[in-house]
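> give me a model of this one.
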Amino acid sequence: MTIWVNEQVDPSGMIYACIACSDHKQAQDCHDSFNNNLTEDQKQAGWTARMRTVDSWEEVPASALKLN
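Numbers count the residues shown, from 1 in each chain. Coordinates of the predicted model:
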């Protein structure tokens, strides 16, 4: 099973927001939203939106909102 994990990460590497789901379209929409909601100031300061995959729910950060 593939699970997509979307994270908004601050300049220090701390995860600010995290949503995980097993639907690729939903994951891409979430990633686009995370990326679009970052201001230019945040991007210049080093904030990032990233999407990665994991193979099981056990690999998803505990603080993530998990959508199924």
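> tell me the contacts of P61?
Residues near P61 by C-beta atoms under 8 Å, 6 or more residues apart in numbering: 5, 7, 15, 18, 20. From N, CA and C alone the C-beta is placed, and that goes for glycine too.
> show the buried residues in these.
5, 7, 18, 20 (16 or more other C-beta atoms under 10 Å).
> quick one: strands adjacent to whichever strand or helix holds A20?
Element membership for A20 (DSSP states H and E) is strand 15-21. Sheet pairing of strand 15-21 (DSSP bridges) gives strand 3-9 (antiparallel), strand 65-67 (parallel).
> so which elements touch the helix ranked longest in the chain?
Criterion DSSP state H: the longest helix present in the chain is helix 24-36. When contacts are defined as 3 or more C-beta pairs under 8 Å, 6 or more residues apart in numbering; DSSP states H and E, helix 24-36 sits against strand 3-9, strand 15-21, strand 48-54.
> hang on, W57 packs against L67?
No - using C-beta atoms under 8 Å, W57 is not in contact with L67, being 11.4 Å away.
> returning to that earlier point: pLDDT on the next helix or strand after the longest helix of the chain, on average?
Next along the chain after helix 24-36, taking DSSP H and E as the criterion, comes helix 40-45. Mean per-residue pLDDT for helix 40-45: 96.
> buried sites along helix 40-45?
Q42.
> and if you look at stretch 15-35?
17-21, 27, 30-31, 34-35.
> cool, and stretch 55-68?
60, 64.
> tabulate the CA atom coordinates of it in CSV.
Taking C-alpha atoms only, stretch 55-68 is exported to CSV below (Å, rounded to 0.1, in the frame of the first residue of the first chain):
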residue,chain,number,x,y,z
ASP,A,55,4.6,1.9,2.6
SER,A,56,2.5,1.7,5.8
TRP,A,57,0.6,3.8,8.3
GLU,A,58,3.2,3.0,10.9
GLU,A,59,5.7,5.2,9.0
VAL,A,60,3.4,8.2,9.1
PRO,A,61,4.3,10.8,11.7
ALA,A,62,2.1,10.4,14.8
SER,A,63,0.9,14.0,14.7
ALA,A,64,-0.4,13.7,11.1
LEU,A,65,-4.1,14.1,10.1
LYS,A,66,-4.8,10.7,8.6
LEU,A,67,-7.4,10.6,5.8
ASN,A,68,-8.5,7.4,4.3
